[in-house]
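[1] output the structure for:
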Amino acid sequence: MSEPKTRKEFLKTVSAGSLAGWAGVTLPPTAAAFSAKEESTDGQQVIEPNMIGAYGPWADQLYGHEPGRLSFRNDRWRHLEDWRREAQARFSDLLARPDAGGTPRVIVHETLQYDGLHIERLSWQLPYGPPTEAYLLKPAGASGPLPGVLALHSHGGNKYFGKRKIAQTSAEQHPMLGPFQENYYGGRSWANALAKRGYVVLVPDAFAFESRRVRVADVTDRIKRDGRDVTREEREEDIVAYNQWAGNHEHILSKSLFCAGTTWPGVFVAEDQRALDVLEERPDVDASRLGCCGLSGGGLRSVMLGGLDPRVEAAASVCMVSTWRDYLLYNSFTHTWMIYIPHLPREMDYSEIFSLQAPKPRFVLGCEEDSIFDYNEQRRSHRILHEVYEKAGASSQLRTQFYPGGHKFDQQMQEDAFDWFDEQIG
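    Numbering: from 1, shown residues only. This is a model prediction of the structure:
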């Protein structure tokens, strides 16, 4: 049977049940490239529609159809440790992480109990920017070291909110957060739900979000334009206006990071590693049982941190694993500037970052109707990961699964991820 070319054609030929796991899914060949060889009746070349038109086939050839130089699928690699050592070093070099200091000094601003949880409101100061604020959640009355999970919030076009997207400290929430959580998280604060299962969960604000956001008052007049900061009253109209300004400012911030000799993913990883330091150093955390998890932008951070830091025993990425070809030809316009690492596509595919700590367990959750990815490219990225783990002799350590619906981390997906964490580090 020929491979379906579109998501709709695929869904017509494969039952939803067969998508529940890896087994039974026939994937497109790794080297599948789109075609520009057909000719129309007037003799003109027909280009498969893509974001860059007639330049698509050329760019696709630059990307290549064989495993990259530092892909473990490349025949040059025979030994896992040799590959990991060189691939991690190159990945780290291209990330160009800034110096985020050592383990930060943590300030506990408030301790409270809510919904059966002990909650701490924390902050720490990095060598640059405003202090990072975070929530720490664990079961009230818990004794003994517990496994720790770094809960990584999403992007969602909303930089005014960070940790509050996925963690809750009281019954009162900002009125904008309810609809946001309903749309992306099945209507609940998943960091709280995970903590209740016996985990210490740390939820920090990411670079450029909430406590770490760029203030309009701090930029030049030419950049301010119609932007405005949000006052303590947190009026919805001000938040909407700020998020629109922050979205338009994202390409400026990304370019500036490149000019400073770093990358946005590099900043993410550097800062998430400091958060991991905070989690690791706590006496109520078992440092041998650490994990991370996130949706979308949080899934991106989980891929990067889970690829680079060996302390992350178990990592789950939700709706944020596809291929460089997907970003190159079809969907970079749907994504943030926070993804890109110059030159890395020549070395390894995007999903292979997540395999850099193989055979440590990794879980990829995707959605069949996710509008910000090409479905076949998502499936191809899963196949790439399975090839790496199979060659590493660790097939059982990788799980990939598709779910019905669009871009989300709903309650069923959360429960599957939590069950998986229980198996790996619980």
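[2] so the nearest residue to R215 once chain neighbours are set aside versus Y160, what's the distance?
    Nearest residue to R215 in three dimensions, chain neighbours excluded: D229, at 5.6 Å (CB to CB, 6 or more residues apart in numbering). Where C-beta positions appear, they are placed from N, C-alpha and C, glycine not excepted. As judged by CB to CB, to the nearest Å, D229 and Y160 stand 10 Å apart.
[3] ditto for F72
    40 Å.
[4] which one's more surrounded, these two?
    Neighbours were counted for F72 and for Y160 using other CB atoms under 10 Å; F72 has more, 26 against 20.
[5] what's near enough to touch that one?
    Applying CB atoms under 8 Å, 6 or more residues apart in numbering, we find F72 in contact with 80, 83, 87, 352, 355, 358, 388, 391-392.
[6] just the residues you listed: which are in strands?
    With strands defined by DSSP state E, no entry of the contacts of F72 lies inside them.
[7] which one of those residues is nearest G64?
    E352 (13.4 Å; CB to CB).
[8] if we can go back for a sec, what sits in contact with each of D229 and Y160?
    Common neighbours of D229 and Y160 (CB under 8 Å, 6+ apart) are Y242.
[9] for this protein, just list every one of the helices.
    7-13, 56-63, 80-95, 177-184, 190-195, 221-224, 236-259, 264-281, 297-308, 324-325, 344-347, 375-391, 411-424 (DSSP state H).
[10] any chance of the ones you listed in TSV with mean neighbour count as columns?
    What follows is the helices of the chain, written out as TSV (neighbours: other CB atoms under 10 Å):
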stretch	mean neighbour count
helix 7-13	14
helix 56-63	16
helix 80-95	16
helix 177-184	16
helix 190-195	26
helix 221-224	10
helix 236-259	15
helix 264-281	22
helix 297-308	27
helix 324-325	24
helix 344-347	18
helix 375-391	22
helix 411-424	18
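[11] closest one to R212 among those?
    Closest to R212 of the helices of the chain is helix 264-281 (CB to CB; 8.0 Å).
[12] starting at the chain centroid, how far to that closest one?
    Helix 264-281 sits 14 Å away from the centroid of its parent chain (CA atoms, centre = their mean, to the nearest Å).
[13] by contact count, what packs against it?
    Helix 264-281 sits against helix 80-95, strand 117-124, strand 132-139, strand 146-152, strand 200-204, helix 236-259, strand 285-295, helix 297-308, with contacts defined as 3 or more CB pairs under 8 Å, 6 or more residues apart in numbering; DSSP states H and E.
[14] nearest to W58, of the contacts of F72?
    Nearest to W58 among the contacts of F72, with distances taken as CB to CB, is E352, at 23.6 Å.
[15] hmm, E234 is touching H174, no?
    Yes. Counting by CB atoms under 8 Å, E234 touches H174, with 6.0 Å between them.
[16] isn't G56 up against Q45?
    No. G56 lies out of contact with Q45 (CB under 8 Å); the separation is 11.3 Å.
[17] give the bridge partners for the residue lying closest to R105 once chain neighbours are set aside, please.
    Nearest residue to R105 in three dimensions, chain neighbours excluded: W124, at 6.3 Å (CB to CB, 6+ apart). W124 has these beta-bridge partners by DSSP bridges: V106, T132.
[18] residues touching W124, list them.
    104-107, 131-132, 134, 274, 278 are the contacts of W124 under CB under 8 Å, 6+ apart.
[19] before we move on, the earlier item: figure out which of the helices and strands packed on helix 264-281 is closest to A314.
    Nearest to A314, of the helices and strands packed on helix 264-281 and by CB to CB, is strand 285-295 at 4.1 Å.
[20] make a markdown table from the helices and strands packed on helix 264-281 and add mean pLDDT and distance to S332 to it.
    Compiled in a markdown table, the helices and strands packed on helix 264-281 are given as follows (pLDDT from 0 to 100; distance: least, CB to CB, whole Å):
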| stretch | mean pLDDT | distance to S332 |
| --- | --- | --- |
| helix 80-95 | 98 | 18 |
| strand 117-124 | 98 | 33 |
| strand 132-139 | 98 | 29 |
| strand 146-152 | 98 | 21 |
| strand 200-204 | 98 | 27 |
| helix 236-259 | 97 | 12 |
| strand 285-295 | 98 | 19 |
| helix 297-308 | 98 | 13 |
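[21] pipe those into CSV and attach distance to F333 per row.
    Output for the helices and strands packed on helix 264-281, formatted as CSV (distance: least, CB to CB, whole Å):
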stretch, distance to F333
helix 80-95, 23
strand 117-124, 35
strand 132-139, 30
strand 146-152, 23
strand 200-204, 29
helix 236-259, 12
strand 285-295, 20
helix 297-308, 16
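[22] out of the ones you listed, which gets nearest to G68?
    That would be helix 80-95 among the helices and strands packed on helix 264-281, by CB to CB, at 9.5 Å.
[23] who's in contact with G157?
    Contacts of G157 by CB under 8 Å, 6+ apart are 243, 247.
[24] how much space separates the closest residue to E86 other than its chain neighbours from T400?
    Among residues not flanking E86 along the chain, L70 sits closest, at 6.5 Å (CB to CB, 6+ apart). Distance check for L70 against T400: by CB to CB, it reads 22 Å.
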